[in-house]
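Colleague: fold the following for me, if possible:
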Amino acid sequence: MYILQESLFSFEELQILESKEKLPIFFSALDLRPYAKQLKSSSPQGAEGHCREGILRALIAAPLEKIDTFTELHNRLKNDVRFRYQCGLDISRPHTGNANWGAKFDSFGNKITWFGYKMHLSVDTKSELPMAIEVTPAHMNDGDVAPQLIEQVNQCVKTKIEYLIMDAGYDQLKNYESAKNIGAQAIIPLNLRNEKEPPAGIASNGTPRCSMGYNMTYWGSEKNQLKFRCPHATGKVDCPLGMTACSSSNYGMVVKVNTLKDLRRYSIPHRDTKRWKELYNERTSVERCNSRMKSYLTANSLHIRGIEKVKTHIYLNAIVLIASALAMNKQSRKQIVI
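Modeller: Below you'll find the predicted structure:
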């Protein structure tokens, strides 16, 4: 799922830096003291007397450094003094759900199956940063998780959300209703595998047809109303009956459709229009966010069991993305000032 909002940073710019340069920039955007205080231990120190804030830094830095197991993190902290120092740990001493089968089809129509979990993301289309995350067993349908993601996003943003952009896997009435409930328009292609025959006189995308069977011309919207005009009057077709068979007006016949009568079939902007397609093309932002978490970080190479542990790692990956954005944005402002 994708939310239309302004680009904040290039994650790739941070990735090309060496570790000794990257981590100070990354950590400069983080103040973990309030979160370290919330850890369960009543002691200001963590395991074996280590600083709790330092432990949090190490956990958050792990995905950025392509460290995907606690054993590997332990060894890195043990053998890399610079890394231990950058995490804020003492350099004078060494550091110490139910999975299920999932399936999907690739772009070539091949069925891919896997055992484990599935990550569901809501992503801001401008910054390409995650705004809400759910982790479920792999068999969970994407469309069933969308209402939870929509509610999470609605709670965390202060501005009005105009569009919620999802692929055809989310083409379920409840997702259109969830979008409408927060005042947003769902932009979702119709899943033709689930499509029933549209009502008489209407194309599958919601375009009314005139008495001669031609698709009428979309002519804009007002509030919840879509406006369509005679296709002969707009020059789209050469109707043998002309306009007079349907209307005595020189403007031609006009049909208005209330989008509230069928939230799934009707949308503003109208389906398949240039604006609708432009909005839908913004969905590629979630693919890039997914790629960063799976290729640059460790979301796709977890070696742990249990959905709670998986959630923790996925959230750490998301924190790295967001903190990287803040760090690079802060760094760019410094360069401008200089």
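
Colleague: for Val291, pull up the helix or strand it's in.
Modeller: One thing to correct before we go on: residue 291 is Ser, not Val. Element membership of Ser291 [criterion: DSSP states H and E] is helix 284-291.

Colleague: return the set of buried residues in that helix.
Modeller: Ser285, Val286, Cys289, Asn290 (16 or more other Cβ atoms under 10 Å). To be clear about C-beta, it is placed using only N, CA and C from the backbone, and glycine gets the same treatment.

Colleague: these two touch, right, the last one and Leu121?
Modeller: Yes. Here Asn290 reaches Leu121: they are 6.7 Å apart, a contact under Cβ atoms under 8 Å.

Colleague: ok, the residue lying closest to Ile268 once chain neighbours are set aside - contacts?
Modeller: With sequence-adjacent residues excluded and distances taken as Cβ to Cβ, 6 or more residues apart in numbering, Ile268 is closest to Ser221, at 4.8 Å. Taking Cβ atoms under 8 Å, 6 or more residues apart in numbering as the contact definition, Ser221 lies against Lys227, Ile268, Pro269, His270.

Colleague: which strand residues bridge Ser221?
Modeller: Leu226 (DSSP bridges).

Colleague: and the pLDDT for Arg264?
Modeller: We note a pLDDT of 93 for Arg264 in this prediction.

Colleague: run a quick neighbour tally on it.
Modeller: 17 (other Cβ atoms under 10 Å).

Colleague: quick one on the thing from earlier: from the contact counts, what lies against the next helix or strand after the helix holding Ser291?
Modeller: Counting by DSSP H and E, the element after helix 284-291 in chain order, helix or strand, is helix 307-337. Packing partners of helix 307-337 (3 or more Cβ pairs under 8 Å, 6 or more residues apart in numbering; DSSP states H and E): helix 11-15, helix 19-27, helix 52-64, strand 111-124, strand 130-137.

Colleague: 6 Å - rerun?
Modeller: Counting contacts by 3 or more Cβ pairs under 6 Å, 6 or more residues apart in numbering; DSSP states H and E, helix 307-337 is packed against helix 11-15, helix 19-27, helix 52-64, strand 130-137.

Colleague: mind putting those in JSON lines, mean neighbour count, distance to Asn281 and mean pLDDT included?
Modeller: Below are the helices and strands packed on helix 307-337 laid out as JSON lines (neighbours: other Cβ atoms under 10 Å; distance: least, Cβ to Cβ, whole Å; pLDDT from 0 to 100):
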{"stretch": "helix 11-15", "mean neighbour count": "16", "distance to Asn281": "20", "mean pLDDT": "70"}
{"stretch": "helix 19-27", "mean neighbour count": "16", "distance to Asn281": "31", "mean pLDDT": "80"}
{"stretch": "helix 52-64", "mean neighbour count": "22", "distance to Asn281": "29", "mean pLDDT": "87"}
{"stretch": "strand 130-137", "mean neighbour count": "20", "distance to Asn281": "19", "mean pLDDT": "92"}
